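# Whatever this is, show me its structure:
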Amino acid sequence: MTHPSPHAAHDHTHHARHGHDAHQQGHGTTADESEILDLDAEVLDAQLVSITAWLPVTAAPRRVVDLGCGTGTGTLALLARFPDAEVTAVDASAAHLRRLRAKADAGGVADRVRIVRADLDAGWPELGEPELVWASASLHHMADPDRALRQVHDLLAPGGLFAVVELAGFPRFLPEDAPADRPGLEERCHAALAHQHSAQVPHRGADWGPKLTAAGFAVEGERTISVDIAGSRDQAVGRYALSSLRRLRGSIAQALPVEDLAALDLLLDTDGAHSILKRADLGVRTERMVWAARRT
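Below is the predicted model of the structure:
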């Protein structure tokens, strides 16, 4: 899928695209999705490095599969973490895969990346026998995630590791009492989004530990990474907040009272006095959950 990007989410369009990411949500173009996945990677890079460093690998893998690679956030991080590895990057979006290829070319690692375009709900391509499979912000988009877990179990080499990374929810960017005329706006937006997700993306927020065990894995580690970035001086945080909230608006506009929608539009008006890009109190607050499970 596509992080998924990441990233992204976001819930990143959920019609079996399977891509990274992150938290992208709502409606938008593929260019919008690519932008937000890239911003997710830029802003949350330190957390991703921490996750890849934590993975309980018994030996450095040489064959890695990134399921739902999006624009390549996880792929590039895995290549950096395991310099002798080759990564098969799988996604349904041709545009995302082109962006990944361009990044790999620019980074001098294109010879270590195999790109596979596939909709994993429609069928799984030949992916070899990897020692590590990575799925970031992609499993919850699958039509039948339990079947996907069994597919990964059978795909992995004996003793291989499966890393599952999921976002706890849509990131928060504003203080709780913002904006001044509609305090709590962001939380109400999140509540509307959660209501939609309960029907549209029922596996979002799932505890993947029991599901991994049921699929035949031995869960060797679980970790929650809390993200709290003060970003008032970081332009990337502002762009991340703007892109994310634009996509959020596209998804929940019909569910918001007119007063909240008007307040949100003021934040998204980049030329206005109340633009989110002009706020000095922005940040990024979210959590990522990670499961490491081994095929025994």
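
# Need the CA coordinates for whichever strand or helix holds residue 153. PDB is fine.
Taking DSSP states H and E as the definition, one finds residue 153 inside helix 145-155. As requested, C-alpha coordinates have been extracted for helix 145-155 and formatted as PDB (Å, rounded to 0.1, in the frame of the first residue of the first chain):
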ATOM      1  CA  PRO A 145      -5.500  -7.500   7.000                       C
ATOM      2  CA  ASP A 146      -5.600 -10.900   8.700                       C
ATOM      3  CA  ARG A 147      -5.100 -12.600   5.300                       C
ATOM      4  CA  ALA A 148      -2.300 -10.100   4.600                       C
ATOM      5  CA  LEU A 149      -0.500 -11.100   7.800                       C
ATOM      6  CA  ARG A 150      -0.600 -14.700   6.800                       C
ATOM      7  CA  GLN A 151       0.700 -13.800   3.400                       C
ATOM      8  CA  VAL A 152       3.700 -12.000   5.000                       C
ATOM      9  CA  HIS A 153       4.300 -15.000   7.300                       C
ATOM     10  CA  ASP A 154       4.500 -17.300   4.300                       C
ATOM     11  CA  LEU A 155       6.600 -14.800   2.300                       C
END
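
# Would you give the sheet partners of whatever helix or strand comes next after it, along with the direction of each?
Next along the chain after helix 145-155, taking DSSP H and E as the criterion, comes strand 161-167. Each strand that strand 161-167 pairs with, and the sense of that pairing, follows from DSSP bridges: strand 132-136 (parallel), strand 283-295 (antiparallel).

# how about the CA coordinates for the helix or strand just after strand 161-167, as CSV?
In the C-terminal direction, the helix or strand that comes right after strand 161-167 (DSSP H and E) is helix 185-200. Output of helix 185-200 as CSV, limited to C-alpha atoms (Å, rounded to 0.1, in the frame of the first residue of the first chain):
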residue,chain,number,x,y,z
LEU,A,185,-11.4,23.2,16.9
GLU,A,186,-8.7,20.6,16.1
GLU,A,187,-10.1,18.1,18.6
ARG,A,188,-13.6,18.4,17.1
CYS,A,189,-12.1,17.8,13.6
HIS,A,190,-10.4,14.7,14.9
ALA,A,191,-13.6,13.5,16.4
ALA,A,192,-15.4,13.9,13.1
LEU,A,193,-12.6,12.0,11.4
ALA,A,194,-12.7,9.2,13.9
HIS,A,195,-16.4,8.8,13.3
GLN,A,196,-15.8,8.3,9.6
HIS,A,197,-12.9,5.9,10.2
SER,A,198,-15.0,3.7,12.4
ALA,A,199,-16.9,2.7,9.2
GLN,A,200,-14.4,3.3,6.4
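
# Which positions in helix 185-200 come out as buried?
185, 186, 188, 189, 190, 192, 193, 196, 197 (16 or more other C-beta atoms under 10 Å). For the C-beta atoms, the positions are set from N, CA and C on the backbone; glycine is no exception.

# who are the neighbours of that helix, in terms of helices and strands?
If you count contacts as 3 or more C-beta pairs under 8 Å, 6 or more residues apart in numbering; DSSP states H and E, helix 185-200 packs onto helix 235-252, helix 258-268.

# tell me the most buried of those?
Each of these was scored by mean neighbour count; the highest is helix 235-252, a mean of 21, by mean count of other C-beta atoms under 10 Å.

# just how off-centre is that helix within its chain?
Centre-to-centre, helix 235-252 and its host chain are 15 Å apart (C-alpha atoms, centre = their mean, to the nearest Å).
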